[in-house]
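A.B. asks: Got a predicted structure plus its sequence, pasted below:
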Amino acid sequence: MEAELRERLDEIEKLKLQLEKEKKLLDVRVTERTRELSEAKEAMESASMKLKASEIKFPGAGQPFPCRYLQTTPEGIVLEANPAILKALGFESVEQINKVGLINLYANADDRERFVSAVKSGPVSDFETRFRCADGRIIDVSLSGNLVRDDSGQTEVYRRNFRRYHRIQES
C-alpha cells in the first residue's frame, strides 16, 4: 500500500511540474499575444489619425465622385494639387500650374479676387466660376474653399475643392 501511495504521490508531483510548465508557457503566450494586440491597436490608431488628417487635408475624398483639390498660399502659389485636379485641368504637376500662375487659371481674373474675398469671410460653397485648362479649353467649376490660419492668426493657405465641372462648348 505504501508503494502504491508513493507511486501516486510521484505521479501527482509530475503532474504539478507539468502544470507549472504549461502555466509558464501560457503566461508567455498571453504576454506575446497582449503585445501583438497592443501593436495592432497602435497601428490602427495611427492609421485612424492619418485618415482623419487626410480627410482634413483632402475634404470630400471619400465621396463617390473624384475629389479635385488644391491648396494655395494667399499670394496664389499652388502648394498641393491632387491628381484628379491636375488631370481635369490638363496639367502634369503643381510646378506647371505655378508657371502659368493661379490667377491665369481663372477665365475671369476678377473671380479669384471675389473667391478670396468670400473665403476671408468664412467657408465658401458652390462658388461658380470658369477655369482655363492647360490646352486653352474653358471649363465651368464650382469651388468650395476655406482658409487655414497659423497659430498667430495669419492666413497660411487657401483650400479649394472643385466639386464639379463640365466642358463649355466652344463656338
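C.D. replies: Looks like it arrived, so ask away. Numbers count the residues shown, from 1 in each chain.
A.B. asks: Can you show me the strands along this structure?
C.D. replies: In the chain, the strands defined using DSSP state E lie at 68-72, 78-81, 124-132, 138-149, 155-167.
A.B. asks: just these: most buried one?
C.D. replies: strand 68-72 (a mean of 23; mean count of other C-beta atoms under 10 Å). In this view, the C-beta of every residue, glycine as well, is placed from N, C-alpha and C.
A.B. asks: Show me what that strand is packed against.
C.D. replies: strand 78-81, helix 83-89, strand 155-167 (3 or more C-beta pairs under 8 Å, 6 or more residues apart in numbering; DSSP states H and E).
A.B. asks: Comparing these by mean pLDDT, which bottoms out?
C.D. replies: Lowest mean pLDDT within these: strand 155-167, a mean of 64.
A.B. asks: Thought residue 144 was touching residue 127, still the case?
C.D. replies: Yes: in this structure, residue 127 is within contact of residue 144 by C-beta atoms under 8 Å, at 7.1 Å.
A.B. asks: Domains in the chain, by residue range?
C.D. replies: 1-57, 60-167 (automatic domain parsing).
A.B. asks: so which of these is the most packed in?
C.D. replies: The most buried one of those (mean count of other C-beta under 10 Å) is domain 60-167, showing a mean of 15.
A.B. asks: re the thing from before, if I average pLDDT within each of the domains of the chain, which one is lowest?
C.D. replies: domain 60-167 (a mean of 83).
A.B. asks: so the nearest residue in space to residue 98 that is not next to it in sequence bridges to which residues?
C.D. replies: Computed as C-beta to C-beta, 6 or more residues apart in numbering, the closest residue to residue 98 that is not its neighbour in sequence is residue 78, at 5.5 Å. Taking DSSP bridges as the rule, residue 78 bridges to residue 72.
A.B. asks: Spit out the contact partners of residue 78.
C.D. replies: 70, 71, 72, 94, 97, 98, 102 (C-beta atoms under 8 Å, 6 or more residues apart in numbering).
A.B. asks: Closest one of these to residue 26?
C.D. replies: residue 71 (53.3 Å; C-beta to C-beta).
A.B. asks: can I assume the closest one is in contact with residue 160?
C.D. replies: Yes: judged on C-beta under 8 Å, residue 71 makes contact with residue 160 at a distance of 7.4 Å.
A.B. asks: helices and strands around whichever helix in the chain runs longest, which ones?
C.D. replies: For the chain, the helix that runs over the most residues, judged by DSSP state H, is helix 2-57. Other helices and strands packing on helix 2-57, by 3+ C-beta pairs under 8 Å, 6+ apart, are absent; none qualifies.
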